[in-house]
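Chemist: Output the structure for:
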Amino acid sequence: MRAREIDIIRAFVVIALVAYHSLAPYAGGWQPITDGASFFDYVYKWLGHFAYAGMLETFTAISGFVFGLVECKKSATLKVLVSKKLRRLYVPALIWGLIYYILFVNESYGTGLWRIINGIGHLWYLPMLFWCFILEKYIFRKSPIWIIILIAVIPWPELPLQFNNSLYYLLFFHIGYLISEYKHQFINYLNLKRCTIILMMAISILVASTIWRDNLDLPLMSKMIKAVHIFAIRFLRILYSVPIVLAYFYLGFRLRNTRYYNIFLFLSECSFGVYILQEFIIRILYYKLDIPNSIETIIPFIGFCGGFLGSLLIVWCCRRFKVANLIF
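Modeler: Okay, the predicted model is just below:
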């Protein structure tokens, strides 16, 4: 039986993903494309922060939810699970990473190869998610939640293959798994009033922590002080991300019987392809084409429409001609 709520959540989150990437040059995620001095630049900066907040965490929780419904109930061996997730996650990261490197990166081959292996650009998320599956099934599935929270906030050093990032996102993978286990209790507890309250709290923490983080100068700090600040930043990020993840799931459960479900289903089925392609399109629009100064104020709208509709059209064509599984 298909989890309709997941299709709805995935559709909303992939829209948030494209929205964030269209605003990334203003929110500090990508190289700026304007001088950042106008009122619109300031507005787009905050819209980018709001779009990003809890978005990747919710993507990860979706995987944990589906894993709890289906994968974790199978008696798959470690070899089978690793093989399946390598094909689904790591192979696309390598193939599209090579294309990303050719299009957007200008550096030595050796360094570039290592970046591709570790997940270049937005593709870093795929090897990270691979580790979440392995860690959840074989190590942390029955662990107390406080242990996973502690692991998430520790400022780990840079580790190969995005393993250090997986130790943060594992918390949200586990939350998705728990929601799948206690779905009925979740539906009965989280109503509109409670969801609104936790969202208001999350937004307040997000705004305060973003202002604080933007005014930090981490490179000039000692290693110890820097580690303490990273610990605090991660803790605050968890404080506002968890409510946002819960709100996305509440929205999914609330709309699971909507008459417009087929639209959400289509977006959900195209979401992986959109995730892969949208950044390529937006980066080409922003950095490979000459954007006239006269339309600076609407650049994010052009980026969003081009990234979302362009990638959706490509995925739809690939699905129509039965080649989507070969490409994505």
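Chemist: where's the nearest residue to Ala27 once chain neighbours are set aside, which helix or strand?
Modeler: Counting by Cβ to Cβ, 6 or more residues apart in numbering, Ala27 lies nearest to Gly48, which is 2.8 Å off, once chain neighbours are set aside. Bear in mind the C-beta positions are built from the backbone N, C-alpha and C, glycine included. Counting by DSSP states H and E, the element that carries Gly48 is helix 39-52.
Chemist: same deal with Ile198?
Modeler: Using DSSP H and E, Ile198 falls in helix 192-214.
Chemist: Could you pull out the buried residues of that helix?
Modeler: By 16 or more other Cβ atoms under 10 Å, the buried positions in helix 192-214 come out as 195, 198-199, 202, 205-206, 209-210, 213.
Chemist: In a markdown table, list these along with pLDDT.
Modeler: Output for the buried residues of helix 192-214, formatted as a markdown table (pLDDT from 0 to 100):
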| residue | pLDDT |
| --- | --- |
| Cys195 | 90 |
| Ile198 | 92 |
| Leu199 | 92 |
| Ala202 | 94 |
| Ile205 | 94 |
| Leu206 | 94 |
| Ser209 | 92 |
| Thr210 | 91 |
| Arg213 | 85 |
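Chemist: Show the low-confidence segments of the stretch 201-328 of the chain, by residue range.
Modeler: For the stretch 201-328 of the chain, the stretches with pLDDT under 70 are 220, 293, 323-328.
Chemist: Quick one: the helices in it, in order.
Modeler: 223-254, 261-283, 299-320, 324-327 (DSSP state H, counting those that start in this stretch).
Chemist: And these: which comes nearest Ile116?
Modeler: Comparison of the helices of the stretch 201-328 of the chain against Ile116 by Cβ to Cβ identifies helix 261-283 as nearest, at 14.4 Å.
Chemist: ok, now which ones touch Lys45?
Modeler: The neighbours of Lys45, taking Cβ atoms under 8 Å, 6 or more residues apart in numbering as the test, are 23, 26-28, 36.
Chemist: Could you do Leu246 as well?
Modeler: Neighbours of Leu246 in contact, by Cβ under 8 Å, 6+ apart: 190, 195, 198.
Chemist: Give me the nearest residue to the residue most central in space within the chain, chain neighbours excluded.
Modeler: With distances taken as Cα atoms, centre = their mean, Leu56 lies nearest the centre of the chain, 2.4 Å away. Among residues not flanking Leu56 along the chain, Tyr125 sits closest, at 6.8 Å (Cβ to Cβ, 6+ apart).
Chemist: secondary structure element for the one you found?
Modeler: Tyr125 belongs to helix 125-135, assigned by DSSP H and E.
Chemist: Quick one: residues in contact with that helix.
Modeler: Outside helix 125-135, the residues within contact range by Cβ under 8 Å, 6+ apart are 56, 59-60, 63-64, 67, 71, 78, 81-82, 85-86, 89-90, 92-93, 118-119, 161-163, 165-167, 169-170, 173.
Chemist: Show me how far it is from its chain's centre.
Modeler: Offset of helix 125-135 from its chain centre (Cα atoms, centre = their mean, to the nearest Å): 13 Å.
Chemist: got the angle between the next helix or strand after it and helix 125-135?
Modeler: Next along the chain after helix 125-135, taking DSSP H and E as the criterion, comes helix 145-153. Angle, helix 145-153 to helix 125-135, by axes from the mean of the first three to the mean of the last three Cα atoms, to 10 degrees: 150 degrees.
Chemist: Helix 145-153 - contacts with which helices or strands?
Modeler: helix 163-181, helix 223-254 (3 or more Cβ pairs under 8 Å, 6 or more residues apart in numbering; DSSP states H and E).
Chemist: Is it possible to get TSV of these that adds distance to Leu103?
Modeler: Formatted as TSV, those follow (distance: least, Cβ to Cβ, whole Å):
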stretch	distance to Leu103
helix 163-181	24
helix 223-254	31
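Chemist: Just name the most buried of those.
Modeler: helix 163-181 (a mean of 22; mean count of other Cβ atoms under 10 Å).
Chemist: what comes up buried for the next helix-or-strand element following it?
Modeler: Later in the chain than helix 163-181, the nearest helix or strand by DSSP H and E is helix 183-189. Under the neighbour-count criterion of 16+ other Cβ under 10 Å, helix 183-189 has 183, 186-187 buried.
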